[in-house]
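# only geometry, no sequence info:
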């Protein structure tokens, strides 16, 4: 009987953070591909766009005018998905129909006044200011007594729904734990109770011994393609030390995070020689006042591109009706990212 080989045979992998499964079909990478493989259109933008509502000095949709900011700039989203003054209420009918009001707030974080840049193109000092701004916002918003979670994220590229190419991210804070965060909290809590150690500390140690899925690293952080990755070139960024939130980081660790984010995002751009789209987000300790020893700070990168600058992965068919599936193994994806230059393509 042929021995099972994860690089050749279909199998399922378990995600311990969400307790979900992913189907991996590595043999399918050998099938012929007749689709698009062309490169994307060069992403060339001016440093200042008079029509951009995020550029310094420009007017936004609500009539407010941006200051002439020189670094990062934060403001309340003009079209917030959550509202701080949402009234309390509940709708319930029988045992199946249930709705509850949700209070929250949304902010926009401009990463730079330069309209032409992305994180991959920003200097490390500029990315460090972004990390510092994330930290300050986490503290400020988390102090509101009714806010129990602060979700920091970035949607980069039109493919990921970003309506404005100016370098920016968002913060959505809510009274309830978001669904994915709640799943991760239960998993991390149970693992700590059952195993007596942090789930992601243990996982990082396993990956350090294995090495197959590591993309880049420094003394404080590691970026890797997780064993259970769903998206083709998904990565997980982990601090080597057990820290639960941005506020637990030392200044040297913030500096090294900025350095790693630069190295990783440049690799993404180099993969298909395009300004690589992704959704990136930080998962960290809730702001409900509890200690949360189970929480381990981490960043998720979910990029949609599959084979080239124009071919994306779609979650359709089996993936919508059964469970996610991928052909490229996490080990192969990590090897491709790891072998790329850390100097951005011209």
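That came through fine. All figures in this text were calculated on a predicted structure; none of them were measured in a lab.
# so where do the strands sit in the stretch 151-300 of the chain?
For the stretch 151-300 of the chain, the strands defined by DSSP state E, counting those that start in this stretch occupy 168-174, 214-217, 221-224, 235-239, 278-283, 298-302.
# For residue 266, find the nearest of those strands.
strand 214-217 (9.6 Å; C-beta to C-beta). Every residue, glycine included, has its C-beta placed from N, CA and C.
# Could you give the separation of that closest one from the chain centroid?
Remark: strand 214-217 is offset 16 Å from the chain centroid, using C-alpha atoms, centre = their mean, to the nearest Å.
# Kindly report the same for stretch 165-175.
That offset, for stretch 165-175, works out to 12 Å (C-alpha atoms, centre = their mean).
# So for it, mean pLDDT?
For stretch 165-175, mean pLDDT rounds to 98.
# tell me which residues in it are buried?
By neighbour count with 16 or more other C-beta atoms under 10 Å, stretch 165-175 contains the buried residues 165-175.
# Work out for me the element residue 333 sits within.
If you go by DSSP states H and E, residue 333 is part of helix 330-338.
# Need the residues that contact that helix.
Outside helix 330-338, the residues that touch it by C-beta atoms under 8 Å, 6 or more residues apart in numbering are 6-7, 13, 26, 29, 212-216, 224-229, 232-235, 267-268, 271.
# Then stretch 83-100?
The contact list for stretch 83-100 (C-beta under 8 Å, 6+ apart) reads 101-105.
# Among those, pick out the one closest to residue 78, please.
The closest of the contacts of stretch 83-100 to residue 78 turns out to be residue 105 (C-beta to C-beta; 12.5 Å).
# quick one: that closest one and residue 82 touch, right?
Yes. Shown here, residue 105 and residue 82 form a contact pair, counting by C-beta atoms under 8 Å, at 5.9 Å.
# where do the contact lists of those two overlap?
172-173.
# Pick out whichever of these two has more residues nearby.
Ranked by neighbour count (other C-beta atoms under 10 Å), residue 105 and residue 82 place residue 105 first, with 21 against 15.
# can you pull the contacts of that one?
The contact partners of residue 105, by C-beta under 8 Å, 6+ apart, come to 76, 80, 82-84, 141, 147, 172-173.
# would you say it is within a helix?
No. In this structure, residue 105 is strand, not part of a helix, as judged by DSSP: H, G, I helix; E, B strand; the rest coil.
# returning to that earlier point: can I get the strands of the stretch 151-300 of the chain in a markdown table with distance to residue 254?
Shown next, in a markdown table, are these (distance: least, C-beta to C-beta, whole Å):
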| stretch | distance to residue 254 |
| --- | --- |
| strand 168-174 | 16 |
| strand 214-217 | 16 |
| strand 221-224 | 10 |
| strand 235-239 | 10 |
| strand 278-283 | 13 |
| strand 298-302 | 13 |
